[in-house]
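**Student:** Give the three-dimensional model of this entry:
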Amino acid sequence: MEEVLIPLIVFGTFFGIAYLYFTTRNRERMAMIERGQSASIFDRNKKFKLQSWTLRIGVLAIGISVGILLGSIVSNTGIVDEEAAFPAMIFLFGGAGLVVSYFLERKLQKEDD
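**Tutor:** You can find the predicted model right below:
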């Protein structure tokens with residue numbers, strides 16, 4: 001019986017949070033529309049670009065995979081223990097991937113302007 005309650009509680013929690021988020025957002029937007037304020041803040045196209053997110057995730061995934069590969073190489077050569085090599089290399093190359101994606105986005109944004 002308890003095995004059934006845990007997924008139900010987790011699902012109920014996620015549903016409750018999503019319900020509160022969307023109803024609150026709707027009430028805020030309706031109140032702004034009633035007051036006659038500009039609806040330009042609802043335009044997410046300026047803030048969220050799918051291309052930049054896919055670029056970030058792609059470069060991050062490449063960095064993490066290179067980190068796993070180099071972590072394996074470093075741990076097999078005996079330079080660093082396996083417990084330290086994998087997390088260190090994953091975070092190092094994952095962070096480097098995010099830095100590279102930042103500069104790529106900045107370069108692409110300058111080309112668009």
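
**Student:** tell me, which helix in the protein spans the most residues?
**Tutor:** Under DSSP state H, the helix in the chain containing the largest number of residues is helix 2-35.

**Student:** what helices or strands is the helix or strand following it leaning on?
**Tutor:** Counting by DSSP states H and E, the element after helix 2-35 in chain order, helix or strand, is helix 50-77. The helices and strands touching helix 50-77, judged by 3 or more Cβ pairs under 8 Å, 6 or more residues apart in numbering; DSSP states H and E, are helix 82-112. Heads up, the C-betas are built off the backbone N, CA and C, glycines and all.

**Student:** burial count for residue 97?
**Tutor:** Under the neighbour criterion other Cβ atoms under 10 Å, residue 97 is assigned a count of 22.

**Student:** Identify the residue nearest it in space, chain neighbours excluded?
**Tutor:** Closest residue in space to residue 97, ignoring its immediate chain neighbours: residue 63 at 2.5 Å, by Cβ to Cβ, 6 or more residues apart in numbering.

**Student:** which residues sit in contact with that neighbour?
**Tutor:** Neighbour list for residue 63: 93-98, 100 [criterion: Cβ atoms under 8 Å, 6 or more residues apart in numbering].

**Student:** Check the residues you listed and tell me the two furthest apart.
**Tutor:** Farthest pair in the contacts of residue 63 (Cβ to Cβ) is 94 and 100. Separation: 10.7 Å.

**Student:** These two: who's more crowded?
**Tutor:** Between residue 94 and residue 100, counted using other Cβ under 10 Å, residue 94 has the larger neighbour count: 20 against 17.

**Student:** Quick one: residues contacting the more buried one.
**Tutor:** Contacts for residue 94 (Cβ under 8 Å, 6+ apart) come out as 60, 63-64, 67.
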